[in-house]
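In: When you get a sec, could you give me coordinates for this:
(2 chains)
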2 protein chains.
Amino acid sequence: MSIITASTISTWERFYRANFINCLSGYKPVSLIGTVNATGQSNLSVVSNIVHIGADPALIGYINRPRKAAPHTISNIELTGVFTINHIKPDFIEKAHMTSAKYPENISEFEATGLTPEYIEGIRSPFVKESNVKYALHLREIVPIPLNDTSLVIGEVLLVSLDEGIISSDGFLDLTKAESVCSNGIDGYYSTQRLNRFAYAKPWISSQQID
Amino acid sequence: MSIITASTISTWERFYRANFINCLSGYKPVSLIGTVNATGQSNLSVVSNIVHIGADPALIGYINRPRKAAPHTISNIELTGVFTINHIKPDFIEKAHMTSAKYPENISEFEATGLTPEYIEGIRSPFVKESNVKYALHLREIVPIPLNDTSLVIGEVLLVSLDEGIISSDGFLDLTKAESVCSNGIDGYYSTQRLNRFAYAKPWISSQQID
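Out: Here you go, the predicted structure:
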């Protein structure tokens, strides 16, 4: 094992450091965020820095990069109050990654990448038709993080669209069956294999496996 | 595909809802957080709600549950200003999960689960010896989230300990080689398989695969 200190990291070239630090925090729940602007034009953006905040109320957040680097998704959310998050399957990881390219402002990433917008009654923002697990959130709070000019955007679950066959009897979702991928770093996409589920842990009692 | 609305979710039994919502946000970078209290007693806690915040400065955060439910880790971090985050390998997922049990206050989860504390010069909080990828953070900010009484605890990377063999020439970390696991929901642990890496995306140009 090697020890790397902050002072060494500070000397690294920018992209090397970005790759390293983005991997250091571990695997990420990479997904596509769908929004619309004032004229109804859709926007689709691959985001990996998504975090579960709580189950009751059902709150999920993501870190929006500094506004000058990533202005569209966050301003669309502020304007309409609603956004969708769509899991990614292996057969469209390349299209999902391509949503990160800087297209001209009048081009929707759906059109540019060939992913299909899907509208569900009552939700103004588009879902990704190709996705097996997707949900809409209404904006609850944008928490500024002045340390690096990012924001934690928090939404509350409004609606979920998925195949009921992936829901276990206790509410657990079989994301392997849904083919959801995870990511590592800025640009690595991974499939998963389930190792185990363990029951609620009690002191000094070996944890029972579930299923 | 089935549509499930917020009003349906609100009728669900508490544990069913917690399983469902915790899975909905996708795979998580599950890790062990190591801290010490004022008397030097170590604490180890499995945490999955970790999020990358930025690479320069290198900021990583996690969502601390409401203090009345999870008081020790956050108060140790406030007291000492330093914590470690340790990736989990398949051969100790059960021990990692067992750190979530409510042991008496004078018992360290290291002692209770059989994981080995490892101290590195200059870092007051313990690492997990069994872990292949681990890092220390110094506290930069605790952001309260009044919506559900949780907190976003943000640290800046102080030191990293890993096998240099997992670092690619561009700084990317091979977490499959490191055997890091991810999680799904509250209690599901997964290994991963790399699908692809894609180069920086440019409009309308097929994204090059890396490696």
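In: Okay, strands next: where are they in chain A?
Out: Using DSSP state E, the strands of chain A run over residues A:2-5, A:31-36, A:42-47, A:50-55, A:58-64, A:82-87, A:117-118, A:127-128, A:133-145, A:150-162, A:182-184, A:188-197.
In: For residue B:155, find the nearest of these.
Out: strand A:133-145 (12.7 Å; Cβ to Cβ). To be clear about C-beta, it is placed using only N, CA and C from the backbone, and glycine gets the same treatment.
In: which ones are touching the residue nearest to residue A:205 when sequence neighbours are not counted?
Out: Distance criterion Cβ to Cβ, 6 or more residues apart in numbering or on different chains; nearest residue to residue A:205, sequence neighbours excluded, is residue B:101 at 7.9 Å. The contact partners of residue B:101, taken as Cβ atoms under 8 Å, 6 or more residues apart in numbering or on different chains, are A:201-205, B:112.
In: Restrict stretch A:189-204 to CA atoms and write it as CSV.
Out: Only the C-alpha atoms of stretch A:189-204 are listed here, as CSV (Å, rounded to 0.1, in the frame of the first residue of the first chain):
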residue,chain,number,x,y,z
TYR,A,189,-19.5,2.3,-16.8
TYR,A,190,-20.0,-1.0,-15.0
SER,A,191,-22.6,-3.8,-14.7
THR,A,192,-23.0,-5.5,-11.3
GLN,A,193,-23.4,-8.9,-9.7
ARG,A,194,-25.2,-9.4,-6.5
LEU,A,195,-23.1,-10.8,-3.6
ASN,A,196,-25.5,-10.8,-0.7
ARG,A,197,-28.2,-9.1,1.2
PHE,A,198,-28.0,-9.1,5.0
ALA,A,199,-30.9,-8.6,7.5
TYR,A,200,-31.0,-5.7,10.0
ALA,A,201,-27.8,-6.1,12.1
LYS,A,202,-28.1,-6.9,15.8
PRO,A,203,-25.1,-6.8,18.2
TRP,A,204,-23.0,-9.9,18.2
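In: how distant is it from the center of its chain?
Out: Distance of stretch A:189-204 from its chain centroid, counting by Cα atoms, centre = their mean, to the nearest Å, is 21 Å.
In: same question, stretch A:33-45
Out: That offset, for stretch A:33-45, works out to 16 Å (Cα atoms, centre = their mean).
In: Could you report the pLDDT at the most centrally placed residue in chain A?
Out: Centroid-nearest residue in chain A, with Cα atoms, centre = their mean: residue A:31, separated by 3.6 Å. According to the prediction, residue A:31 has pLDDT 98.
In: residues of the longest helix along chain A that come out buried?
Out: As assigned by DSSP state H, the longest helix anywhere in chain A is helix A:14-24. Buried residues in helix A:14-24, counted by 16 or more other Cβ atoms under 10 Å in any protein chain shown: A:16-24.
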